Every structure is written in structure tokens, then in C-alpha cells.
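A.B. asks: Quick one, what's the 3D model for this:
(2 chains)
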There are 2 protein chains.
Amino acid sequence: MGYIDLKYKPTENDVVCSFYLEPSPGVTLTKAAEDIAAESSIGTWTEVATMSDRIRKLGAKVFSIRNNIVKVAYPEELFEKGNLSQILSSIAGNIFGMKAIKNLRLLDIEFTEGLVRSFQGPEVGLEEVREITGVYNRPLLGTIFKPKLGLTPKEMEVQAHVIYSNGIDWAKDDENLASMKFNKFEERAQRMLGVVDRIYSEEGRRVIYAPNITGPLDKMLERAELVKELGGRCIMVDVLTVGWSALQYIRKQNFGRIVHGHRAMHAALTRNKKHGISMMVIAKCSRLVGVSALHTGTVFGKMEGGKEDVSKLNEFLKSDFYGMKKVMPIASGGLHPGLVPKLYNALGNDLIINFGGGLWGHPQSPAAGARAIRQSLDAALKGISLAKYAESHEELRAALKKWV
Amino acid sequence: MGYIDLKYKPTENDVVCSFYLEPSPGVTLTKAAEDIAAESSIGTWTEVATMSDRIRKLGAKVFSIRNNIVKVAYPEELFEKGNLSQILSSIAGNIFGMKAIKNLRLLDIEFTEGLVRSFQGPEVGLEEVREITGVYNRPLLGTIFKPKLGLTPKEMEVQAHVIYSNGIDWAKDDENLASMKFNKFEERAQRMLGVVDRIYSEEGRRVIYAPNITGPLDKMLERAELVKELGGRCIMVDVLTVGWSALQYIRKQNFGRIVHGHRAMHAALTRNKKHGISMMVIAKCSRLVGVSALHTGTVFGKMEGGKEDVSKLNEFLKSDFYGMKKVMPIASGGLHPGLVPKLYNALGNDLIINFGGGLWGHPQSPAAGARAIRQSLDAALKGISLAKYAESHEELRAALKKWV
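C.D. replies: Predicted coordinates for the structure are as follows:
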């Protein structure tokens, strides 16, 4: 049977997937595209006796092939509503392993309204992040505790007060900090959220602590409950190493917390531009399952990801998505105060800018690091060059001297 | 600080990871290796004020660099026991996205005994699969219902009796069949497990049905409970699109069922030999979290995966792993009766051989397809060539004529 129909126009009941496709030697692009549409919908490598006209109607259709970009329309009935794992097993499943393809990359998924509405999306979205923090007119300034592993809860508690009281809005655990011998989750959450409360009583500012609850689901539930009991406003999850099924379950609990989504492992899928799955697909999936704030790239930091790609991701997170709440983008990885104006100009206001080494590595102290970060944002907001602003702000001056 | 120590000998308290590494242009292999060891343990891109001698001891050590193969030893304390998501966020997390690398592939993880023993592993392992089915001295013969989507529960029920009664031991849903408009999980499980019981009463054979419970965790739990209530012996899960956190939770429920692990999406990670994560790593993780039987490749079918790779995976699944139960390998994807002797000779006895199109596409009927499969295995077991055996077995003859 045919899975190619270049005259077909997708309807509102079709899920449309865009792939970059390179066929294997000896296979035409059209044949490889057809094989993909078959394998990801109802077909296999040979005709089967159990096929029928009723079932043929469920077949995916390749409706566009241009310069290795293949677009495929899938009838919505191929997917179970609210089941992201099933959707991905179809359109991002076996097809990557087929001998007919040399390289295949899932570039984008256009979901139907019906499918989008079958997911809960963020319980706490971008707008509530603004309300909770009381910060509306500038990016939020965040930090990742460094060294990424090794600090004790007590050490983090001491440092947390230093950095929050010097202007940081948001402090997060690193992606590989869970509950360790030297830093148990429970003690860390108690101490860190104690500091959050202390900052509120001292300054009236609601700062955020994002404790990493990543783990087997029973542990994640216990840890999220503890955060809620302690009055924490946020839980952090490593989206990909945890997985979609558990994330959907966490969302269904209605914990009422910001879900800070870290994307550790994404680049195993997203880095190669010819094979794998794009970060846009991961961002869409993350929004569907309820992530409130998501790491999308820095443009200028230690991790790959250019301006165009990161901007598109952030635009999607803040765009209308059939009424689903918006997601706050997070820039994180190799940032320092010298990059803030560039980042602000490139990515705009709705952003959490995260600093690890760019705060904790400040040549004077972490307190000075926090102040330098705030100063760099102030300069960007006022439209004053960093060089000029640094003349009257010594922490910024020291940071620029070290890193620019 | 230094993360390179080529004189270092890993101890039994080290987790050892092997990577294929290509640095970015202008970066030496040694520098890129050091950056990876830093980012995946305790370091970042700049020195930080909060570093201490106590924390430095937790640093990973690059102890071997040979022809782009880099080996790194990680102190066990960097990992939370029983938390696979955290482990992967460390050693298979941010590092794939670093600008310092051009390509990076996690080839293997040698876990410590302490870490392995902190996971439950399969509740039902290879040996129980043999006991449940009563089949000891040959590979099990399985089928995936085809078309992969579109059949109704009633249609599957009818076909199930046909194929089981003609020699198939194990029938599974396809990876993208969950609970669909045209095929609800509950009705399917009832009808299919009814056939399984009927076969037992008719023939005394315990055949297996592997219903795909893939979905958000609450749905998976409901579906697994239903299977248990109905007396089903097996549940099927799409390991990667479901995710590790939910899988660990499923394992903790002690459902007492065979967990049939499908690896849909793996090739987005595993296909590129220079970047991503190897199937060996996914196989090890699957065993840790309790998969009983795992798709590992066919050597000869429609999916990539050569003999050496698949043999190594299967050897691992059946090897000693600090006392953890063994996992039954599954060969699935593009197989037909003409490939059975080659497959049997290449991969041995402990194997589930799965046929989709190679059964349902038989030119005579699905019943003939099932018989042809059984005949091809009989020929292999007796050491008779297929051509010879086909002389006296017409279903095999028809299959060979179509596919060989």
C-alpha cells in the first residue's frame, strides 16, 4: 500500500511531524520516507493478511519531500490521548533504527488541539512564576550551587543566605545532586527553605529554591511532599533521565509547585543535526507534561545551542498552545556577568538567567559574584555599557577582568 | 584542578565509564576528556570559591586515553544508590552538549557491586520465563500482532487462537498499541488472556501474552493490576519512552509478572556510532530496573545491529551481575522463517524470536505462518537445512519462496 500522497493537505485531525531524512545507500529518499510513515503508523516490511480497508485509513501520509525534509501526517486516532510515551513510541520509536535510513532526525511535532488538550500542561506557569517572586519587569537571576556535588547542606545554607541577600532570586541544585551520603535531600531542603523564609522576613522578597527531587518515583513523591510541607515553592526534575511517565504522574498530584525542568541528557538526542530528536520536540513534550520552567540554552555559554535555535524554543514556550499555560525559559551553563547584556538583548525579559561558576568563581567572593550579576543586569536594563557601569561597580569590574 | 591521572588504577569503589570522544576543533583530546570528567562529577568551567580538599576527592579521574577511547573512574559516592536517573544525569547528562566536544558516545558503564545491589533487578528473570512457559530446550517463538495498529480486540482474539494453536509461544502488542479508540486496553487484555487460558485447557501449554501497558504511570499501574487479576503472566513496557523513574516504581510493586521490555526510541540514542549512548548501557540499565526480557536486535532483520553487538548484549543479559536475575533476550524486527537457523546459530537457545510480517504476511494464512515458523525452528534444532526440510513441509516451503 502507499504511504506517499504529495497532494494531501493535512487536516486539523492530523498530527504533522517533520523529519530530516537521509536514506541508506541504494535506497531512494521516497522509499525511505514511505518506510518511515509505515513503521510509525500501521505498516511493516511486508504485506500482511490481517490488513483491511478500515485499517488502511489509519495509515500515515508523507505529503511533502523537499531537500531531505520529509513531512508526515498522522491521523489523531493513532495516538492515545494523554499518553506521551505512546505518542513517542510511534513517531519517535523504531524508525531511528531502520536499515533503510542512514540518518533521521525528528525536527518538530505539530500536535492537534485534541491531543494538546488531553494533557494537563503546567499547573504553575510563567505568569505564576512572576506572581510568586513578585519580579515582573526583568529576567530572574539564578544560581546553581557549585561545586555541583560535594557541598554539605550546612555549607549550602550558609552560602544561600549570602547569595540571596546579594540579589539572587533563584537557587537550584545541580542536575546530579539528589540525596547523597554527604548531602541528604531532607536536611538540604530543610536548611535551604529555612534560608528562603529568612530572606522573606528580612527583606520581604520571595526567593526560590529549586531542590532536585530526581529519582525513582516513590522517592520523588516523598521529596515533593516534603518540599510542600516545608513551604517550598519549587521542585526540580531532570526531565529526560526521569522520563515522561513519572513526570505525568507527578503533575497529576497537583502539588502546586513550580516544576523546574533540567534537560540533562538531551544532547545525546539533540546534538547531531542529522540524527535524533530536536530540542523543540523535547520542549513541546515538557510543556505538555507540566514543566513550569525549562532549560533551553544560553547562546553564549559552555553548551552548544545558537541564538536562532534558543530563541525559537523560548518563543514556543511563551506562545499560545491551545490555552495551555506558558513555560519560563532558563538559560544556564557557562554564563558570567560579562554575558548578561548580550543574553538579555538576544532572549528578552521572560527568562531565568542561571550562573554557576560565573557566580561561585568570582575572584573576590560569592557575595561579590552575586552583586556583579545584579550589576550586569542593571546595566543591561539601563542600556549602559558594562565597561562604563563597571567604572562605578567594583564587583562587576573584577568579574569582567577575570572573564571577558 | 586535574581530572587526568593516567597512572590511576580504578578500585572496586569506582564506577568506570568508557566513552568514544572526538574533541571540537582547537581542543585537545586530553582537554576535552578532562572537561568531561569535571562536568560529570564535581567541576565546572572555572574554579570556584566553594571548592575544598574534601570535595576534590570526589572528582572523577580520566585514567586511560587511547585512540579516542577515554575511560573515566567515578567514586561511588557521586551516585545515589538505587537512583538510576541521578546516575545517568551525572555520567550521561550535560556532557553531550559541551562545546568542547564534537562527538561523544557513552560506550559502557561498569557499575560497582554496591550500586548494582542497590537496584532490585528482575522480579521474574530468564529462569522463571522458562518455568512459566515450560519450554526449556529451544528458543521461544513469538509474534507481534500486525498491522501494528488498527486491529480490534475481537480480531486479535480470533487470530490469537490461530497462531497459538499453530505453535507460537508468545504474542505481544506492538510498541505503539496502548489503549486506543479502536482497541481499548481492558477489552483487549480480557479477550487475549481468555485465549491464553483456552490454549491451556486445550493443550496444557502455557503461552504468553504481553499486553503493552505503556502510558502515564497511573494508567500503567491500573493496566498491570488488571493483567494480574486476569491471570496474565506478562506486561510489556516501552522502556525508553516510559522512562526509568516510572519503571523502578512498577518494579517496586512486585506484580510478579514478566516485564517484556521494548526499546522503542533507542536508536535515536544508539544508532550513531560516534555520539549518544550505546545499547549496552541501555541493556544494563534495563536489567537494573527489573526488565525480564529485552529486545536487543536481530542481526538479520529490518533493524540495524550486527552480530557482534547483539551477541555481546545477549551475553551480558545472561551473565552473572552480582547475583541479579538474568534477562531473556528478544530478537524482533523484520524476521521471517528463512532467517531462523542463522539466528539460532548466531544467538543460541536462550532467546525469544519474534515475527511480525514474517508470520502475518505468510502467503497462505497466519496459521500457515505460525506453522512455517515452528518448522523452521525444528529444522534448525535438528540440523537439517531449510531447503531440505521444506521439501516435506509446505508452509515452510511457501514462506521460503516468498521471502528468501
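A.B. asks: Can you tell me the element the closest residue to residue A:209 other than its chain neighbours falls in?
C.D. replies: In space, residue A:209 comes closest to residue A:192 once its chain neighbours are excluded; the distance is 4.7 Å by Cβ to Cβ, 6 or more residues apart in numbering or on different chains. Every residue, glycine included, has its C-beta placed from N, CA and C. Residue A:192 is located in helix A:185-203, with elements delineated by DSSP states H and E.
A.B. asks: Go through that helix and flag the buried ones.
C.D. replies: Of all the residues in helix A:185-203, those buried under the rule 16 or more other Cβ atoms under 10 Å in any protein chain shown are A:185, A:188, A:189, A:190, A:191, A:192, A:193, A:194, A:195, A:196, A:198, A:199.
A.B. asks: List of residues touching it?
C.D. replies: With contact meaning Cβ atoms under 8 Å, 6 or more residues apart in numbering or on different chains, helix A:185-203 is reached by A:153-154, A:156-157, A:160-161, A:164-165, A:171, A:173, A:178-179, A:205-209, A:211, A:213, A:223, A:226-227, A:230-232.
A.B. asks: Can you flag which of those residues belong to strands?
C.D. replies: Mapping those onto strands (DSSP state E) picks out A:171, A:208, A:209.
A.B. asks: Serialize those residues to CSV and add fields for pLDDT and neighbour count.
C.D. replies: Output for the ones in strands among the contacts of helix A:185-203, formatted as CSV (pLDDT from 0 to 100; neighbours: other Cβ atoms under 10 Å in any protein chain shown):
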residue, pLDDT, neighbour count
A:171, 98, 26
A:208, 98, 24
A:209, 98, 29
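A.B. asks: Could you pull out the strands in the stretch 1-150 of chain A for me?
C.D. replies: Remark: strands assigned in the stretch 1-150 of chain A by DSSP state E, counting those that start in this stretch are A:14-23, A:61-66, A:69-75, A:101-110, A:140-144.
A.B. asks: need the ones you listed in TSV with distance to chain B and mean neighbour count, can you?
C.D. replies: Putting the strands of the stretch 1-150 of chain A into TSV (distance: least, Cβ to the nearest Cβ, whole Å; neighbours: other Cβ atoms under 10 Å in any protein chain shown) gives the following:
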stretch	distance to chain B	mean neighbour count
strand A:14-23	12	21
strand A:61-66	15	18
strand A:69-75	10	22
strand A:101-110	8	20
strand A:140-144	8	25
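A.B. asks: Just put those in TSV and tack on mean pLDDT.
C.D. replies: Formatted as TSV, those follow (pLDDT from 0 to 100):
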stretch	mean pLDDT
strand A:14-23	98
strand A:61-66	98
strand A:69-75	98
strand A:101-110	98
strand A:140-144	98
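A.B. asks: Could you measure from the closest residue to residue A:307 other than its chain neighbours over to residue A:336?
C.D. replies: Leaving aside its chain neighbours, residue A:307 sits nearest to residue A:299 (4.8 Å; criterion: Cβ to Cβ, 6+ apart). Going from residue A:299 to residue A:336 by Cβ to Cβ, to the nearest Å gives 14 Å.
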